[in-house]
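Engineer: Sequence and predicted structure below; questions after.
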Amino acid sequence: MKNALMTISDKILLRKKSVIETVNDELKNICQIEHSRHRSFNNFLGNIIAGLIAYSFFPKKPSIKFETLKSNQITLF
């Protein structure tokens, strides 16, 4: 990939992408929620919930630090 000037919003999106990929990798490899051949829907949900509960007990989770500015401007979309 060539070096190019990036806007701040692009840099923030790249940072978020890496955090999301890190969390997905931990869920797949450490919590073992990647198994896709369940015999019933209840087994599938049990496996997903157990993996998420195990992930919630991890002492160190990746995060993105950001600050929001409170303004009194009205925005229309």
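Structural biologist: Here it is on my side, so go on.
Engineer: from the chain's centre, how far out does stretch 15-27 sit?
Structural biologist: 5 Å (C-alpha atoms, centre = their mean, to the nearest Å).
Engineer: so for it, what's the average pLDDT?
Structural biologist: The pLDDT scores in stretch 15-27 average 82.
Engineer: Stretch 53-73 now?
Structural biologist: So the average pLDDT for stretch 53-73 ends up being 76.
Engineer: and Pro62, which of the three is it?
Structural biologist: Classification of Pro62 using DSSP: H, G, I helix; E, B strand; the rest coil returns coil.
Engineer: didn't it look like it was pressed against Glu21?
Structural biologist: No - Pro62 lies out of contact with Glu21 (C-beta atoms under 8 Å); the separation is 9.7 Å. C-betas here are computed from N, CA, C, even on glycine.
Engineer: name the element the spatially most central residue of the chain belongs to?
Structural biologist: Compute the mean C-alpha point of the chain, and by C-alpha atoms, centre = their mean the closest residue is Ile20, 3.2 Å away. Per DSSP states H and E, Ile20 falls inside helix 8-29.
Engineer: Contacts for that helix, please.
Structural biologist: 6, 33-34, 51-52, 55, 58, 61-64, 66 (C-beta atoms under 8 Å, 6 or more residues apart in numbering).
Engineer: From Asn42, how far off is the residue nearest to the centre of the chain?
Structural biologist: Remark: distance between Ile20 and Asn42 (C-beta to C-beta, to the nearest Å) = 28 Å.
Engineer: What of Glu26?
Structural biologist: Using C-beta to C-beta, we find Glu26 at a distance of 25 Å from Asn42.
Engineer: Who has more neighbours out of the two?
Structural biologist: Glu26 (17 against 9; other C-beta atoms under 10 Å).
Engineer: Distance check, that one against Ile12.
Structural biologist: 22 Å.
Engineer: Check the offset of whichever helix or strand Asn42 is part of from the chain's centre.
Structural biologist: Using DSSP H and E, Asn42 sits within helix 41-56. In terms of C-alpha atoms, centre = their mean, the centre of helix 41-56 is found 16 Å from the chain centre.
Engineer: Kindly report the same for stretch 5-17.
Structural biologist: That offset, for stretch 5-17, works out to 16 Å (C-alpha atoms, centre = their mean).
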